[in-house]
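Peer 1: got a structure for you, letters missing:
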Ligand SMILES: NC(=O)CC[C@H](N)C(=O)O
């Protein structure tokens, strides 16, 4: 089956279709990970995008549902140099082709992904139309030009209902803007009592859950598309320790008065070097983002830049100067990518412990104390 990918600049790639038949549009981005295609496919932050893997062989270890970062893949399309349909791995349950078919996602293989990546690097990310139909290029061009980039992806991928993952330690409210399961995994591994709430949970709804700390998740799209989340974060700032990841970092920055902007072609991969400005130590990080916090805008806020990207010097970490809150643009939960940064979850729990020492009479403790007294 033939498939074609047409970019906004007119470049046409003709290759072989795999996965579902059909047509899709979206922002064409590239990920440089050598492994981790399952985690990429199932990371809700890619919702609305057509993802190209720069590593040339994809599918060789198949698909294992345990490795998913969310229940379903959310990418709009998948582009690879070569798709391996016969996985060689004892954990493999089925092929990438079967997964894409199951979820109606169009894939294209046998195209020059190096050329595609270089084009994106030169021009910046572009819209693209991916199709298995045999319509004329003019027709495709017409539909691509009227297609719009998705804007409401957070509402689409966030949980609709509150759910919990019980634990005996700190109560963490995880605000789900499209959270990867890795975040929940890291918190539950540390014994946290996690309550996951929808992206539009209000400050009062979150307060009523008596959190010890609030975790702001990753998520798809432009942070400015979710103004309500920005408002909620600003209401809760200073009341509870906060830790933001990726979209959570950008929303937090906006809530504190900083600004965000779009990067030319984003950071997506498992080997982005990030410098911790306090120690000068470089960490290799997992990343997936197209927006960034604007550096000049931070100067007029109570935020301090804690980490920068060693490649393009963009902001990778922030902390609040007055309140217990810090955020990172990269993914400490890894998956895919190195686990070197999971210490940040320990740092969050330490921040919560310090905050409790300074503010012993938090509502939850006071309530618990009253309940215990009443029972005596
Ligand atoms: N992984 C994320 O949370 C991505 C954040 C945001 N959607 C961006 O592209 O910059």
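Peer 2: Structure received. Values in this document were obtained by computation on a predicted structure and should not be read as measured data.

Peer 1: C-alpha from now on. contacts and neighbour counts both.
Peer 2: OK.

Peer 1: name the helices or strands packed onto whatever helix or strand residue 268 lives in?
Peer 2: Using DSSP states H and E, residue 268 falls within strand 260-276. On a contact count with 3 or more C-alpha pairs under 8 Å, 6 or more residues apart in numbering; DSSP states H and E, strand 260-276 meets strand 23-31, helix 113-123, helix 247-255, strand 281-293, strand 303-309.

Peer 1: paired strands for the helix or strand following the shortest one, with orientation please.
Peer 2: Beyond strand 303-309 in the direction of the C-terminus, DSSP H and E gives the next helix or strand as strand 315-320. According to DSSP bridges, the neighbouring strands of strand 315-320, each with its direction, are strand 303-309 (antiparallel), strand 325-328 (antiparallel).

Peer 1: and the residue of the stretch 1-150 of the chain that's closest to the ligand?
Peer 2: Of all residues in the stretch 1-150 of the chain, residue 45 sits closest to the ligand, at 4.8 Å by C-alpha to the nearest ligand atom.

Peer 1: ranges for the helices of the stretch 1-150 of the chain?
Peer 2: 37-41, 96-102, 113-123, 137-146 (DSSP state H, counting those that start in this stretch).

Peer 1: nearest to residue 10 among these would be which one?
Peer 2: helix 137-146 (7.7 Å; C-alpha to C-alpha).

Peer 1: so what touches that closest one?
Peer 2: Contact partners of helix 137-146, identified using C-alpha atoms under 8 Å, 6 or more residues apart in numbering, comprise 6, 8, 10, 25, 127, 128, 129.

Peer 1: next, give phi and psi for the third one.
Peer 2: Spelled out, that is residue 10. Residue 10 adopts backbone torsions of phi 100, psi -10, taken as degrees, to the nearest 10.

Peer 1: chain neighbours aside, what residue packs nearest to it?
Peer 2: With C-alpha to C-alpha, 6 or more residues apart in numbering as the criterion, residue 10 has its nearest non-adjacent residue at 7.7 Å, and that residue is residue 141.

Peer 1: equivalent analysis for the fourth one, please.
Peer 2: Among residues not flanking residue 25 along the chain, residue 129 sits closest, at 4.4 Å (C-alpha to C-alpha, 6+ apart).

Peer 1: which ones are touching the one you found?
Peer 2: 5, 6, 7, 23, 24, 25, 26, 140, 144.

Peer 1: out of the strands paired with strand 315-320, deepest packed?
Peer 2: Counting by mean count of other C-alpha atoms under 10 Å, strand 325-328 has the highest mean neighbour count of these, with a mean of 26.

Peer 1: one step back: per-residue confidence for the residue nearest to residue 25?
Peer 2: We note a pLDDT of 98 for residue 129 in this prediction.

Peer 1: same check on the one 10 residues further on?
Peer 2: On pLDDT, residue 139 comes in at 97.

Peer 1: share the number of residues neighbouring it, please.
Peer 2: By other C-alpha atoms under 10 Å, the residues close to residue 139 number 10.

Peer 1: do the same with residue 279
Peer 2: So residue 279, with other C-alpha under 10 Å, has 9 neighbours.

Peer 1: before we move on, what about residue 235?
Peer 2: Neighbour number of residue 235 under other C-alpha under 10 Å is 14.

Peer 1: how about the residues of the stretch 1-150 of the chain near the ligand?
Peer 2: Counting by C-alpha under 6 Å from any ligand atom, the residues of the stretch 1-150 of the chain lying close to the ligand are residue 45.

Peer 1: swap in the stretch 251-376 of the chain?
Peer 2: 288, 289, 290, 291.

Peer 1: just list the residues touching the residue lying closest to the first one once chain neighbours are set aside, thanks.
Peer 2: To tie it back to what came earlier, the one meant is residue 288. Closest residue in space to residue 288, ignoring its immediate chain neighbours: residue 268 at 4.2 Å, by C-alpha to C-alpha, 6+ apart. By C-alpha under 8 Å, 6+ apart, the residues touching residue 268 are 30, 31, 32, 33, 286, 287, 288, 289.
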